[in-house]
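Colleague: Below is the structure, and that's it, no one-letter string:
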Ligand code: FES
């Protein structure tokens, strides 16, 4: 049975010929610079968990493109972020990537200008000061911070709009029933990837039958090269069939993303029956992160603009971390990420061909088109 006219609009797939982004967008220095200026220097970016900066005077430094930022917790418990640059002659303030300040001051290693942890210049050790010099005119360059449910975001725009929450795609999943604030990191993994190729790979499952054989067994609709029921042009023929290969979710009997599909510790108490049945709920915040909630743990992936900054973390309640067989969980997610990294690297290598100007999208790659539109809109707004 073919879908009727009123049902055709429910089909998710692309029906018109759509090009990919030009290949130069993945390999040229100018394109990288445009990505930085149009996207990375003006978006809310997830950088760490609040728990990574628990103690007063704890600090971490982060690099986004050419920009280095120091994030610290001041003596009153407030988180603050500054460009890691002295206002005198621009020396780098903190050299370490993480640690605890020895005093309630940031002291420049070059000529010892001192800043309070609020970023105010409080001491200039010169013998005399030029006429008209006012320390109040030389605070550290402040960076906007926003904490969303235990995740710390910053935004390098001087006057950013909204808060971190505004960066989440409203069309993606709702994680209100997961206790994100209280989770602790049980495992961390870093991989090398190009950020645009990562998001393209994230947004389609045409690759799943070939690249992710075990995942395709765990999530049967992925084994059909699809992400959702309405990705199938013939979906109406199976509209009454609630088997996971047609409606999504985990295979019968499976409970979570783990090597054997089972949970090996406590599960989150507040989930709905639908959230438990789905087995995976994704929330995305372009360009820097996605979170997926499973019944027993949460996994986050954080990206930077360079090829070296993808970090995945497996988050658990403190009790579950003691009781859970983490290896079973981590091994499966790691396998999927390794498979993604390998295929993304193959994608990046192929894109270097000087003959390759742009590819073409297949119907199932409709979410790639959304991602490409998101990139194009930001480039256009920046260049307008
Ligand atoms: S550059 Fe920092 S005190 Fe001179």
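Modeller: Noted; the coordinates are in hand. From a predicted model like this one, the values you see are computed outputs, not experimental measurements. Residues are numbered from 1 along each chain as shown.

Colleague: Can you tell me the centre-most residue of the protein?
Modeller: The centre of the chain sits closest to residue 289, judged by Cα atoms, centre = their mean, with a distance of 1.1 Å.

Colleague: Contact partners for that residue?
Modeller: When contacts are counted by Cβ atoms under 8 Å, 6 or more residues apart in numbering, residue 289 is found next to 46, 151, 300-303. Where C-beta positions appear, they are placed from N, C-alpha and C, glycine not excepted.

Colleague: cool, residue 187 as well?
Modeller: In this structure, residue 187 makes contact with 313-314, 326, 330, judged by Cβ under 8 Å, 6+ apart.

Colleague: Using TSV, lay out those together with neighbour count.
Modeller: Listed next are the contacts of residue 187 as TSV, based on neighbours: other Cβ atoms under 10 Å:
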residue	neighbour count
313	19
314	24
326	18
330	20
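
Colleague: can you tell me which of the contacts of residue 289 are in strands?
Modeller: Using DSSP state E, 46, 151, 300-302 are the members of the contacts of residue 289 that sit in strands.

Colleague: Produce a ChimeraX select command limited to the buried residues of these.
Modeller: Command for ChimeraX that selects the buried part of those, burial taken from 16 or more other Cβ atoms under 10 Å:
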select :46,151,300,301,302
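
Colleague: Mind picking the two most distant members of the ones in strands among the contacts of residue 289?
Modeller: Greatest spatial distance in those: 151 and 301, 12.1 Å, computed using Cβ to Cβ.

Colleague: all helices for this structure, in order.
Modeller: Here the chain has its helices, by DSSP state H, at 5-8, 24-27, 29-35, 195-202, 208-211, 213-218, 220-223, 244-247, 273-278, 318-323, 326-350, 366-383.

Colleague: Of all these, which one comes closest to the ligand?
Modeller: Relative to the ligand, the nearest member of the helices of the chain by Cβ to the nearest ligand atom is helix 29-35, separated by 26.6 Å.

Colleague: buried ones in that closest one?
Modeller: 31-32, 34-35.

Colleague: before we move on, what about stretch 113-128?
Modeller: Result for stretch 113-128 [16+ other Cβ under 10 Å]: buried residues 113-119, 121.

Colleague: Of those residues, which are in range of the ligand?
Modeller: The residues of those that also fall near the ligand, by Cβ under 6 Å from any ligand atom, are residue 113.

Colleague: With pLDDT and distance to residue 169 added, can I get the buried residues of stretch 113-128 in JSON lines?
Modeller: Below are the buried residues of stretch 113-128 laid out as JSON lines (pLDDT from 0 to 100; distance: Cβ to Cβ, whole Å):
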{"residue": "113", "pLDDT": "94", "distance to residue 169": "42"}
{"residue": "114", "pLDDT": "96", "distance to residue 169": "43"}
{"residue": "115", "pLDDT": "96", "distance to residue 169": "37"}
{"residue": "116", "pLDDT": "97", "distance to residue 169": "38"}
{"residue": "117", "pLDDT": "98", "distance to residue 169": "35"}
{"residue": "118", "pLDDT": "97", "distance to residue 169": "34"}
{"residue": "119", "pLDDT": "97", "distance to residue 169": "32"}
{"residue": "121", "pLDDT": "96", "distance to residue 169": "40"}
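
Colleague: taking the buried residues of stretch 113-128 one by one, which sit in strands?
Modeller: The strands, defined by DSSP E, take in 114-116, 121 from the buried residues of stretch 113-128.

Colleague: about what we covered before: distance to residue 237 and mean pLDDT added to the helices of the chain, as CSV?
Modeller: Formatted as CSV, these follow (distance: least, Cβ to Cβ, whole Å; pLDDT from 0 to 100):
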stretch, distance to residue 237, mean pLDDT
helix 5-8, 11, 54
helix 24-27, 38, 88
helix 29-35, 42, 91
helix 195-202, 28, 92
helix 208-211, 20, 95
helix 213-218, 21, 95
helix 220-223, 15, 95
helix 244-247, 9, 92
helix 273-278, 23, 90
helix 318-323, 41, 88
helix 326-350, 30, 87
helix 366-383, 20, 94
